[in-house]
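Enquirer: task: produce atomic coordinates for the following.
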Amino acid sequence: MILRRGILVVLAALIVLSCAALGYQAVHRGGAPWSTDNPTQDARDVVMGQARTFMSTVNTYGPDLVEGQTMPTYRADVEKLVTAKFKADFEQNVPYAEATVIQSGLARTTKVDATGVGDLDLDRGRATVLVAGDLTNSFPDPKAPKDPSKRTSADAQPYRVEVTLVRQGGVWKVDDFTPVGAEAQQEAQQ
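Expert: Alright, predicted model coming up:
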């Protein structure tokens with residue numbers, strides 16, 4: 001009988017200590033330990049979505065966007081997604097893409113296969129996202145050069161890039177992007 005009471009006292013003490021430990025954890029985890037709200041995961045989802053949108057936008061253009069000698073809608077769509085620093089770089093390089101589209105009829109589309117957060121610093125408002133996908137270039141069909149609907153596509157080219165984002169005014173904007181992996185190593189060797 002004494003043994004049973006001793007075991008009961010030990011079990012009751014363990015239950016009380018367990019409840020106290022859970023209470024302590026609840027208080028020190030922000031007061032809502034069972035909440036499904038996760039600001040870090042929400043931010044991860046936002047930066048991955050922004051990187052996906054950027055890569056799809058910056059790598060999708062063609063003759064249908066040309067007005068005069070530029071692609072103003074393309075420029076505006078990309079510039080909405082980037083910082084002022086990156087906008088300056090983009091404005092220096094976009095004339096080459098526009099010239100290629102105008103001179104050869106190039107159209108480029110992209111498919112984003114995967115995104116993943118490489119780094120996320122909510123305090124500093126900085127993130128890096130790895131993006132992988134395929135680019136496909138197409139040109140006017142040489143057999144029907146006057147029919148813009150007839151095009152010849154090249155093989156899809158895989159890409160992997162690291163997109164750097166910064167938070168400005170509560171909005172994540174692209175600040176830079178660089179190739180990573182085998183492609184980057186080949187470029188560095190040349």
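
Enquirer: residue nearest the centroid of the protein?
Expert: Most central residue of the chain, judged by C-alpha distance to the mean C-alpha position with CA atoms, centre = their mean, is Ala51 at 2.2 Å.

Enquirer: any idea which helix or strand in this structure has the lowest mean pLDDT?
Expert: Evaluated with mean pLDDT, DSSP states H and E, the helix-and-strand set of the chain has its lowest mean pLDDT in helix 182-189, which scores a mean of 50.

Enquirer: show me what the top helix by length along the chain is packed up against.
Expert: As far as residue count goes, and with DSSP state H defining each element, the longest helix of the chain is helix 2-28. When contacts are defined as 3 or more CB pairs under 8 Å, 6 or more residues apart in numbering; DSSP states H and E, helix 2-28 sits against none of the other helices and strands. C-beta: built from backbone N, CA, C; applies to glycine.

Enquirer: spell out the residue ranges of the strands in this structure.
Expert: For the chain, the strands identified by DSSP state E occupy 107-121, 126-140, 151-153, 157-168, 171-179, in order along the chain.

Enquirer: export these to a markdown table and tack on mean pLDDT?
Expert: As requested, the strands of the chain are exported to a markdown table (pLDDT from 0 to 100):
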| stretch | mean pLDDT |
| --- | --- |
| strand 107-121 | 94 |
| strand 126-140 | 94 |
| strand 151-153 | 87 |
| strand 157-168 | 95 |
| strand 171-179 | 94 |
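
Enquirer: between those strands, which gets nearest to Val66?
Expert: Among those, the nearest to Val66 by CB to CB is strand 107-121 (10.5 Å).

Enquirer: helices or strands up against the closest one?
Expert: For strand 107-121, the packing partners by 3+ CB pairs under 8 Å, 6+ apart come out as helix 39-58, strand 126-140.

Enquirer: got a markdown table for those, with distance to Val10 too?
Expert: As requested, these are arranged in a markdown table below (distance: least, CB to CB, whole Å):
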| stretch | distance to Val10 |
| --- | --- |
| helix 39-58 | 40 |
| strand 126-140 | 50 |
